[in-house]
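A.B. asks: Sequence and predicted structure below; questions after.
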Amino acid sequence: MAYERKIGDTILAVDQISLAFGGVKALSNISFSVREHEIFAIIGPNGAGKSSMLNCINGFYHPQEGTITFKGNTRRQVRPSEAAREGIARTFQNIALFSGMTTLDNIMTGRNTKMNKGIFWQALRYGPAEKEEMEHRAVVEKVIDFLEIEAIRKTAVGTLPYGLQKRVELGRALAAEPDLLLLDEPMAGMNLEEKQDMCRFILDVNDEFGTTIVLIEHDMGVVMDISDRVVVLDYGKKLAEGTPDEVRTNQDVIDAYLGVSHDDDEE
Amino acid sequence: MFYREAGQFKTSYNADQAIFTITQDKFFVGAFLLIAFGVVPFFINDYWANAILIHVLVYALAGLGLNILTGYCGQVSLGTGGFMAVGAYASYKLTTSFPELNFIVAILLSGGITACVGVIFGLPSLRIKGFYLAVATLAAQFFLVWLFNKVGWFFNYSPTGMIVSPPREVFGFLVTGPEASPAVRYLFCLSVVTVFALAAKNIVRGRVGRSWMAIRDMDIAAELIGIRPLEAKLTAFAVSSFYVGVAGALYFNVWLGSAEPTEAFDIFQSFFVLFIVIIGGLGSILGSFLGAAFMVLVPITLKTIMVDGMGFAVGAAKHVEVMLLGSLIIFFLIVEPHGLARLWQILKEKLRKWPFPY
C-alpha cells in the first residue's frame, strides 16, 4: 500500500492517571499520548487494566488522579455522554448493541448526537425532522456500504451471528464520525476469516476517514501488524511504550507475558 | 397470495422509512380509516359509542401513553390511573375556570399539566430501575388520588366530591355533557386518537424514539454513544404522561361525563392499562390498539354470549367472565409473550408466503 499517512499532533494525552476501586489499584500513574491518525494499541495480560484505561478515557470510570487531554481540553472526569459528544466513540468487549432494534436503527442511534430537531418537529415528522432524518440516513447508508452489511439492514440485531454483531457495533461507533475510536477487543472470539475482515475494516477506517484508533487486542499477530505504536500495561502499571518492534524486544514485556514472578522485576 | 410486495421498489430513503411500506397495507389502513370516519358515525348509537367505541379509543390512547414509557423506554409505571386523574382534573379545572377556553386547547393543556406532573414523578427513574421504579410510581397513584379526594379546590368544593363535565363545544358541535350526540363524541375521540397515534409513531421512529429504545435495551451503551439518560428518560415520562393525561381528560369529559377519584382512577385503572400494553405488545403502536380492543371487547362479548345467548344470570356471568378473561390472557401470553402485535406480524409474514411457503 503506497498511501501517505500523515501522523499529526497529539490528540489524546493521558497524564499520570490513577484509578482505584477501594483497595484495588486498577491503574497507577499511567501516561501516554496518542497522535492524530495513528493506530495505537494497548496490550497486556488479563487484569492489566486495559479496559479500565479505555473506560477512563471515555468517562465511564472516573480516575482519582491525573488528567486526560482530548483535543486540547484537559479534564479528569467527564460524563460518558459528553465524551461521546466531543468525538470519542467506542465498541465493547462484550457486545453492547440495542438488541431489540434493527441494524439500521442501531447505526442511526450512533448519529443521535448529531441530530437536533426537537420533539415537536419529530412528532410532526413532515418537514425539517424528515429532512434531517434523510440526511443522516444517507450517512448511515455509507457506513452500511463500507462495512458490507447491506443485507442485514432491517434485521433485528439480537438475531444476528456474533461476527456480524461486532461489525454492526463498529458501524454504530463509526456513524458518529468520531475523531477517536476506542475498540475493546474487536477480534475476540472470531475465526481467522472474520479477524481478517475486521483488520481490513480497522485499517480502512483509519485510512479513509483518518480516524485515530485506540484498540485493545490479545491477538499479538494482529497488534504487531496493524498498530503504529503500542503501550503495554501489567498490573495497572505501564511496562513499555513504542513501536511494535521496540515493544517486542523489551525485556519487561517478555517477562510479563512469559510469567516471570513480579518480585524479580522490581527495579 | 394477494398480500405480496413483489415488484414494489423504493427509490428514496423516505419511501423506505414510511409507516406502511407495502401498498396493500396502505390500502387496508386507508379503507379502515374511511369506514371509521365516514361510515360508522352514521350508524352509531348510544350503546355502541359508550360501551364499545369510545371505551376502546380512550383506553387505546392511555395504552399508547404507557407503551411509550414502558414499551419504548423500558420504565415500568403503575401510576397510569393517577396520571389519568391529573388529566381529568386539570381539564375540569380549566373548563370550569375558563368557560371561554376552546375545548381542544383545554384538553391539550391538561395533557401538558400531566406531563409536568409525570416528569416530577419520573425523577426517581434516574436512580432506580425495574420493579423498584414500579413501586415508586405506585406512590404517584396513591398520592394523586388522595390529593384529588381531599383538596376541595380540585373538585370546586362540590358536596359529593364528584366532578361533572360542563357542556363544551368543538367547531359548534357539543362534545361533552349529557346532550352531546354519540356520533360527535365518537368522531372527536377518533380524531384525537388518530392524530396522537400518528404523532407517537413519528416520534418513536425518529431520533427521540431511538434514544428511548437505546436506554431500554442497554442504558450504559446508550450513554457511551452520547445519549443523556436524564434527557431521554424524562422526555419519555413527559410524552407518556401527556398522552395519559389527554386520555384521562377524554375519559372524564367525553366518556364518563362525571367522575369520582377513588373509583374512576384507582389502582385497577393502572393495572388495566398495563395489561393492555402487555397483551397488545410492548413497544408497538398497533399493540396499544389491539390490547385495548382485547381488554374491552372480550369481556363484553363474553357477557353478551353468556347472558343473552345462554341465559346465565348476570351475577354468575360476571364471575365466569372474569375467569375466562384471565385464562384468555394467560393463553395469549403463552402463545406469544410479545403480545398481539407480534402475532399480527407473524400472521402477515405467513400471509406473504401463502399459499406456497417454500
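C.D. replies: In hand now; what should we look at?

A.B. asks: Can you pull out the low-pLDDT segments for the stretch 1-150 of chain A?
C.D. replies: Residues of the stretch 1-150 of chain A meeting the criterion pLDDT under 70: A:1-5.

A.B. asks: so where do the strands sit in it?
C.D. replies: Counting by DSSP state E, counting those that start in this stretch, the stretch 1-150 of chain A has strands at residues A:10-21, A:24-35, A:39-43, A:65-70, A:73-75, A:88-91.

A.B. asks: tell me the most buried of those?
C.D. replies: When the strands of the stretch 1-150 of chain A are scored by mean count of other CB atoms under 10 Å in any protein chain shown, the highest mean neighbour count falls to strand A:88-91 (a mean of 27). For every residue, glycine as well, the C-beta is placed using N, CA and C.

A.B. asks: Direction included, what does that strand pair up with?
C.D. replies: Strand pairing for strand A:88-91, using DSSP bridges, gives strand A:180-184 (parallel).

A.B. asks: pull the helix or strand with minimum mean pLDDT from chain B.
C.D. replies: helix B:13-16 (a mean of 82; mean pLDDT, DSSP states H and E).

A.B. asks: in whatever helix or strand comes next after that helix, what's buried?
C.D. replies: Using DSSP states H and E, the next helix or strand after helix B:13-16 towards the C-terminus is helix B:23-34. The neighbour-count check on helix B:23-34 (16 or more other CB atoms under 10 Å in any protein chain shown) flags residue B:24 as buried.

A.B. asks: give me the residue from the stretch 1-150 of chain A nearest chain B.
C.D. replies: residue A:84 (3.2 Å; CB to the nearest CB).

A.B. asks: Please list all residues in contact with that residue.
C.D. replies: Residue A:84 makes contacts with A:58, A:113, A:176, B:223, B:224, B:225, B:226, as judged by CB atoms under 8 Å, 6 or more residues apart in numbering or on different chains.

A.B. asks: let's see it at 10 Å
C.D. replies: A:58-59, A:78, A:90, A:110, A:112-113, A:173, A:176, A:178, B:222-228 (CB atoms under 10 Å, 6 or more residues apart in numbering or on different chains).

A.B. asks: Okay, domains of chain A per the record?
C.D. replies: A:1-87+A:178-267, A:102-177 (automatic domain parsing).

A.B. asks: neighbours of residue 219, just the number please.
C.D. replies: Looking at chain A here, since you left the chain open. A count of nearby residues for residue A:219, using other CB atoms under 10 Å in any protein chain shown, gives 16.

A.B. asks: that's the wrong chain, I wanted chain B
C.D. replies: Residue B:219: 17 neighbours (other CB under 10 Å).

A.B. asks: can you map out the strands along chain B?
C.D. replies: Assigned by DSSP state E, the strands in chain B fall at B:163-164, B:169-170, B:173-174, B:258-259.

A.B. asks: out of those strands, which comes closest to chain A?
C.D. replies: Using CB to the nearest CB, the strands of chain B put strand B:169-170 closest to chain A, at 21.1 Å.

A.B. asks: Which residues does the closest one contact?
C.D. replies: B:102, B:103, B:104, B:107, B:175, B:176, B:177, B:180, B:184, B:187, B:188, B:191.

A.B. asks: What distance do you get for the closest residue in space to residue A:101 that isn't next to it in sequence to residue A:157?
C.D. replies: Spatial nearest neighbour of residue A:101, excluding adjacent residues (CB to CB, 6 or more residues apart in numbering or on different chains): residue B:213 at 5.5 Å. As for residue B:213, its distance to residue A:157 is 12 Å (criterion: CB to CB, to the nearest Å).

A.B. asks: okay, and the common contacts of those two?
C.D. replies: A:98, A:100, A:101, A:105, A:106.

A.B. asks: is it true that the fourth one touches residue B:209?
C.D. replies: The one in question is residue A:105. Yes - Residue A:105 lies in contact with residue B:209 (CB atoms under 10 Å); the separation is 8.9 Å.

A.B. asks: circling back: what is the least confident helix or strand of chain B packed up against?
C.D. replies: helix A:128-147 (3 or more CB pairs under 10 Å, 6 or more residues apart in numbering or on different chains; DSSP states H and E).

A.B. asks: residues in contact with the residue in chain B that chain A sits nearest to?
C.D. replies: Here chain B gets closest to chain A at one residue, residue B:226, 3.2 Å apart by CB to the nearest CB. Residue B:226 sits next to A:79-89, A:109-114, A:176, A:178, B:211, B:214 when contact means CB under 10 Å, 6+ apart.

A.B. asks: And the average pLDDT for stretch B:283-293 is what?
C.D. replies: Average pLDDT, stretch B:283-293: 93.

A.B. asks: can you pull the buried residues of that stretch?
C.D. replies: Buried-residue list, stretch B:283-293, by 16+ other CB under 10 Å: B:283, B:284, B:285, B:286, B:287, B:288, B:289, B:290, B:291, B:292, B:293.

A.B. asks: That one near chain A anywhere?
C.D. replies: Yes - for stretch B:283-293 and chain A, the contact criterion (CB under 10 Å from any CB of the partner chain) is met by residue B:283.

A.B. asks: How far off centre is that stretch?
C.D. replies: When distances are taken as CA atoms, centre = their mean, to the nearest Å, stretch B:283-293 is centred 8 Å away from the chain's centroid.

A.B. asks: and if you look at stretch A:113-131?
C.D. replies: For stretch A:113-131, the distance to the chain centre is 30 Å (CA atoms, centre = their mean).
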